[in-house]
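Participant: structure for this input, please:
(2 chains)
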Amino acid sequence: GAGVSQSPRYKVAKRGQDVALRCDPISGHVSLFWYQQALGQGPEFLTYFQNEAQLDKSGLPSDRFFAERPEGSVSTLKIQRTQQEDSAVYLCASSHYLDTQYFGPGTRLTVL
Amino acid sequence: GENVEQHPSTLSVQEGDSAVIKCTYSDSASNYFPWYKQELGKRPQLIIDIRSNVGEKKDQRIAVTLNKTAKHFSLHITETQPEDSAVYFCAVYKGKNRDDKIIFGKGTRLHILP
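Facilitator: As a prediction, this is how the structure comes out:
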């Protein structure tokens, strides 16, 4: 079946612009995670949903970052007033419940 | 909170030789330990995982060993091939509470030398 998909794959934004990144998890997966991966680093946790409930947002770096999953399926990560330090690959992962996570291809965000 | 350390950060091995990457963790309640392989510009892909009720798991050329007492686990790749060149990430997960999350190591860049 289809894996996790993300769009767009690449996004270039001018500093100060708002961006929205989309994640389509594997159908039926309850849990959805967002990670930020800087160049040469491991994925860093941002936030976690179980169905539509955002259970943990402790990794969001600032209040400019906002994530939602209103119907318990597709999720959107929104970054307001982007800054250069927001440049990274944003990975989405889903799992049936709480263990094996399957990653999407990521969105590479470049803020100029 | 959980602390995961991964070593080495870079590893070069001759094609055909074995590679070993080690991770240590701090929370003895952690019970799930996956390994991910990430090729340049691609998503992390799960290659093998182990749960705390077993000490070793093998899948063809890849194996993972777990020492719960010492709180470390290792990835072993035998008969390495050029396509094994990638960054490998270990991860640790407790999974007791619904807000537990997977913690990743910093990664090991594996180079297979011809």
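
Participant: tell me the residues of chain A that contact chain B?
Facilitator: A:33, A:40-45, A:48, A:50, A:55-56, A:91, A:98-106 (CB under 8 Å from any CB of the partner chain). (Glycine included, C-beta is placed from N, CA and C.)

Participant: tell me if A:Glu85 really is in a strand.
Facilitator: No. Secondary structure of A:Glu85 (DSSP: H, G, I helix; E, B strand; the rest coil): helix, not part of a strand.

Participant: state the distance from it to A:Ala20.
Facilitator: 19 Å (CB to CB, to the nearest Å).

Participant: where exactly do the strands run in chain B?
Facilitator: B:4-7, B:10-14, B:19-25, B:32-38, B:45-51, B:56-59, B:62-67, B:72-77, B:86-92, B:103-104, B:108-113 (DSSP state E).

Participant: which stretch among those comes nearest chain A?
Facilitator: Of all those, the one in closest proximity to chain A, counting by CB to the nearest CB, is strand B:103-104 (3.9 Å).

Participant: where's the most centrally placed residue in chain A, which helix or strand?
Facilitator: The centroid of chain A falls nearest to A:Trp34 when counting by CA atoms, centre = their mean (3.6 Å). Using DSSP states H and E, A:Trp34 maps to strand A:31-37.

Participant: contacts for that strand?
Facilitator: Residues from elsewhere that reach strand A:31-37 (CB atoms under 8 Å, 6 or more residues apart in numbering or on different chains): A:23, A:25, A:43-50, A:59, A:61, A:67, A:69, A:75, A:77, A:88-98, A:101, A:106, B:101-102.

Participant: re the thing from before, comparing A:Glu85 and A:Ala20, which residue is more hemmed in?
Facilitator: A:Ala20 (14 against 10; other CB atoms under 10 Å in any protein chain shown).

Participant: just give the nearest non-adjacent residue to the more buried one, would you?
Facilitator: A:Lys78 (5.0 Å; CB to CB, 6 or more residues apart in numbering or on different chains).

Participant: what sits against the one you found?
Facilitator: A:Lys78 makes contacts with A:18-21, A:65-68, as judged by CB under 8 Å, 6+ apart.

Participant: and if we set it to 7 Å?
Facilitator: A:18, A:20, A:66 (CB atoms under 7 Å, 6 or more residues apart in numbering or on different chains).

Participant: pLDDT score for the first one?
Facilitator: Think A:Asp18. A:Asp18 is assigned a pLDDT of 98 by the prediction.

Participant: what's around the closest residue to it other than its chain neighbours, how many residues?
Facilitator: Nearest residue to A:Asp18, sequence neighbours excluded (CB to CB, 6+ apart): A:Gln80, at 4.9 Å. For A:Gln80, the neighbour count with other CB under 10 Å is 14.
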